[in-house]
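Chemist: Take this sequence and fold it.
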Amino acid sequence: MKLSPQNCGKILYELTKDASGKELDKIVKHFILFLKREQMMAKIKHIINEFVDYTKEKKGIVKLQITSARDLSKTELDKICKHFGQKVETEMKVDKTLLGGVVIKDKNRILDASLKTQL
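Modeler: Model (predicted):
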């Protein structure tokens, strides 16, 4: 397996998912030593981000990036989110060049319902 930040994040999740207390401390310490040995410490922020993202994925949390031409109301956001499951985290962006509609990105898809692409 190639050592990438994504793979390291997954490894850290698998090592720590059932650990707590001193056992967790020991696992994290050994993981840090492993990263030092493999000269991966410069990528620690990326590894942590991948760990957090993978943990959320394993817990069934869907992360959406929603871009629209204007700020959406809570009601509008809720209507969009309900189509993606019970556990949804959103990141909102406003892009006035879209003219209207929304672009929704998740980990694997881009759903473009913007007026910009319809014209």
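Chemist: I figured residue 95 hits residue 67, correct?
Modeler: Yes - shown here, residue 95 and residue 67 form a contact pair, counting by CB atoms under 8 Å, at 5.1 Å. C-beta: built from backbone N, CA, C; applies to glycine.
Chemist: Need the residues touching each of the two.
Modeler: Counting by CB atoms under 8 Å, 6 or more residues apart in numbering, the contacts common to residue 95 and residue 67 are residue 103.
Chemist: do you know how far the residue nearest the centre of the chain is from residue 78?
Modeler: Centrality entry for the chain: nearest residue to the mean C-alpha point is residue 53, 4.0 Å, by CA atoms, centre = their mean. Counting by CB to CB, to the nearest Å, the gap from residue 53 to residue 78 is 23 Å.
Chemist: for the chain, what spans make up the helices?
Modeler: Secondary structure of the chain (DSSP state H): helices at 5-16, 21-37, 44-58, 74-81, 115-118.
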